[in-house]
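A.B. asks: any chance you could fold what I've pasted below:
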Amino acid sequence: MEYDVRLEQLGSLHLAVVRRRASLKELARVVPEACGLVWSVVRARKIPGAGRHVALYLDDQINLEVGVELETPFAGDGEVVGSITPAGTVATTTHLGPYQRLHEAHQAVRQWCADQGYELAGPNWEVYGHWMDEWNTDPAKIRTDVFYLLKADGVSAGSP
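C.D. replies: Below is the predicted model of the structure:
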């Protein structure tokens, strides 16, 4: 698949998340389980404005936060805690297709950044489209947006 990688300036998104550490092989299990835990709390607390699922990868050790977008900050409930996505300049692309090929979008962004001379700041995240019934029969339409925070002048682009 060909990817259209572009720069965007983003503000932070409020999140309700659970924190996990996983291996690459475990991600296909850990991310959906974590999303389910967060949604259980969101539904039980009747939190308005819950949006799409998000997986925020904090480092190369695959420490991550997995949860859901919210309109306002979340105070927490047990292991479900409030968080935010990083703000700043990002390199981003949209992946259309099954999650098993999502690594291709990540590679495209990393390669584009290297080719353009942008340095990655560390965190990256995925925002998953709201599930549509047609995706069950045509996984080529599954939408996931991929974001990489960039460094600016040797510091994180989102730093003050």
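A.B. asks: can I get the longest helix seen in the chain in CSV, CA atoms only?
C.D. replies: The residue-count maximum for a helix in the chain (DSSP state H) belongs to helix 27-44. Extracted C-alpha coordinates of helix 27-44, given in CSV (Å, rounded to 0.1, in the frame of the first residue of the first chain):
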residue,chain,number,x,y,z
LEU,A,27,-0.2,-6.6,21.0
ALA,A,28,-3.0,-8.3,19.1
ARG,A,29,-4.3,-9.6,22.4
VAL,A,30,-3.3,-6.8,24.8
VAL,A,31,-4.8,-3.8,22.9
PRO,A,32,-8.3,-5.2,22.5
GLU,A,33,-8.4,-6.5,26.1
ALA,A,34,-7.3,-3.1,27.4
CYS,A,35,-9.9,-1.3,25.2
GLY,A,36,-12.6,-3.5,26.7
LEU,A,37,-11.5,-2.7,30.3
VAL,A,38,-11.6,1.0,29.6
TRP,A,39,-15.0,0.8,27.8
SER,A,40,-16.4,-1.1,30.8
VAL,A,41,-15.5,1.9,33.1
VAL,A,42,-16.7,4.5,30.6
ARG,A,43,-20.0,2.8,30.3
ALA,A,44,-20.4,2.1,34.0
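A.B. asks: now do it: which elements does it pack against?
C.D. replies: Of the remaining helices and strands, those touching helix 27-44 by 3 or more C-beta pairs under 8 Å, 6 or more residues apart in numbering; DSSP states H and E are strand 14-21, strand 53-57, strand 63-70. For every residue, glycine as well, the C-beta is placed using N, CA and C.
A.B. asks: as CSV, the ones you listed with mean pLDDT would be great.
C.D. replies: CSV is the format used below for those (pLDDT from 0 to 100):
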stretch, mean pLDDT
strand 14-21, 97
strand 53-57, 97
strand 63-70, 97
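A.B. asks: right, I'll call it a day here.
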